[in-house]
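A.B. asks: I'd like to go over a predicted model; first the sequence, then the structure.
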Number of protein chains: 2
Amino acid sequence: MQDDGPRLTPTSYIVLGLLAWFGDSTPYRLKQVAATSVGNFWTLQHAQLYTEPERLAAAGYVTVQRERGGRRRKLYAITNLGREALGHWRAEPAGEVAELRDQAILKLFFGADPAALGPPQIEAHDAKLAEYERIRASLPDDVPAGVRLALEAGMDHERQQIAWWKQAMVAGDGDSG
Amino acid sequence: MQDDGPRLTPTSYIVLGLLAWFGDSTPYRLKQVAATSVGNFWTLQHAQLYTEPERLAAAGYVTVQRERGGRRRKLYAITNLGREALGHWRAEPAGEVAELRDQAILKLFFGADPAALGPPQIEAHDAKLAEYERIRASLPDDVPAGVRLALEAGMDHERQQIAWWKQAMVAGDGDSG
DNA sequence: CCTATCATGTAATCCGTTACATGATTAT
DNA sequence: ATAATCATGTAACGGATTACATGATAGG
């Protein structure tokens, strides 16, 4: 029954989840696997992948082991406590729904011109969608179902954004109807 | 050409935007107008509406004036510099597209069961959509176009989320075809 | 009058970002 | 060998969240 320490954030669960999934890892490896997986819809600063495991270690959710020779780099491993925490988080319903927090919408809200804002938005969402499509095409068959689902959620979202911006651009000028 | 001071964040522009729109305000008033407008898709902590104007004042984007009598509360007003900054921000295209950063998707990604996660998500998104619909019904005719657009962006997003989760729930168990 | 809630603000903490710094590997 | 890049980490800073605190107003 040790000190809870600071609370677990989404960042914490990403680290725990990656450690559970890919096994013991150094921060650099975490960075690599994050970049090609969860990083597609939830990016982390590389420094976080060094500091967050340290926080988790202090609270007993992971263990550290430092190499003796050479680079003396740190290898992190998830503990039973960590697995438990991950399991609980995964099983609980997500609290509130995520907010949009889209700066482009914020700009619109405060009077930006949709005809000016739209094209770069559409282009960016298109690019993101294309990237998702590439990833999906290269996904091995045995990839966990949730990974594929998350990817498809992203694709669906991008498609919706593209459609919405296209519609918003034309709705702004004519207003016929 | 004075000191730039700290950089302007979305929070800064929300404060500037509200001051430009609703005129000189106390933090509490900002809190109120934020809650019923931009707060629907970008919430702020109430403390931010006390500290952020202070930061902006230090950099010359707003001015403060303290009441002489009674509560001695602070009244903030946007300056020309502030209006200029707001105008530039509004005119520039938004940088990167906003990330999903949806904890529910994160849970899916790490193996949560969509059949368990789905219903509360759908319920929450339904509630949010209903709220948006109520707001839109009560919107005065002369409301700025961007406000209505932002609201509709939110509604469209909620509808997409609802549809996606419904589909994700059934796709998980049968997998027929 | 007392209590609850509204209004107003400051302080402490924590996390995320940015910047700095340096030890290994690889390429030329 | 030297330069460039990869790998690894720490430190400083700033902004957001949380907690604290108190003065006004309204309701009982």
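C.D. replies: Thanks, I have it.

A.B. asks: Backbone torsions only: list them for the residue most central in space within chain A.
C.D. replies: The centroid of chain A falls nearest to residue A:42 when counting by CA atoms, centre = their mean (1.9 Å). Here is the backbone geometry of residue A:42 (degrees, to the nearest 10): phi -160, psi 90.

A.B. asks: and it, what is it in contact with?
C.D. replies: Neighbouring residues of residue A:42 by CB atoms under 8 Å, 6 or more residues apart in numbering or on different chains: A:10, A:14, B:99-101, B:106. Using the backbone N, CA and C atoms, a C-beta is placed for each residue, glycine as well.

A.B. asks: Which other helices and strands does the one helix or strand residue A:116 maps to contact?
C.D. replies: Take DSSP states H and E as the rule and residue A:116 turns out to sit in helix A:114-137. Packing partners of helix A:114-137 (3 or more CB pairs under 8 Å, 6 or more residues apart in numbering or on different chains; DSSP states H and E): helix A:103-109, helix A:145-173.

A.B. asks: quick one, which of those helices is nearest to residue B:59?
C.D. replies: Closest to residue B:59 of the helices and strands packed on helix A:114-137 is helix A:103-109 (CB to CB; 20.0 Å).

A.B. asks: Domain map for chain A?
C.D. replies: A:10-91, A:103-174 (automatic domain parsing).

A.B. asks: Adding mean pLDDT, write those out as JSON lines.
C.D. replies: Output for the domains of chain A, formatted as JSON lines (pLDDT from 0 to 100):
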{"stretch": "domain A:10-91", "mean pLDDT": "91"}
{"stretch": "domain A:103-174", "mean pLDDT": "93"}
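
A.B. asks: for DNA strand C, what are the nearby residues on chain A?
C.D. replies: Contact residues, chain A versus DNA strand C (CB under 7 Å from any atom of the strand): A:6-7, A:9-11, A:44-48, A:51-52, A:55, A:70-71.

A.B. asks: now, the most widely separated pair of those residues?
C.D. replies: A:7 and A:70 (35.4 Å).

A.B. asks: burial count for residue A:155?
C.D. replies: Applying other CB atoms under 10 Å in any protein chain shown, we find 18 residues neighbouring residue A:155.

A.B. asks: List the residues that contact the closest residue in space to it that isn't next to it in sequence.
C.D. replies: In this structure, residue A:155 finds its nearest non-sequential neighbour in residue A:132, 4.7 Å apart by CB to CB, 6 or more residues apart in numbering or on different chains. Contacts for residue A:132 were tallied using CB under 8 Å, 6+ apart; they are A:40, A:151, A:154-155, A:158.

A.B. asks: and residue A:132, how far is that from chain B?
C.D. replies: Distance of residue A:132 to chain B, computed by CB to the nearest CB, to the nearest Å: 11 Å.
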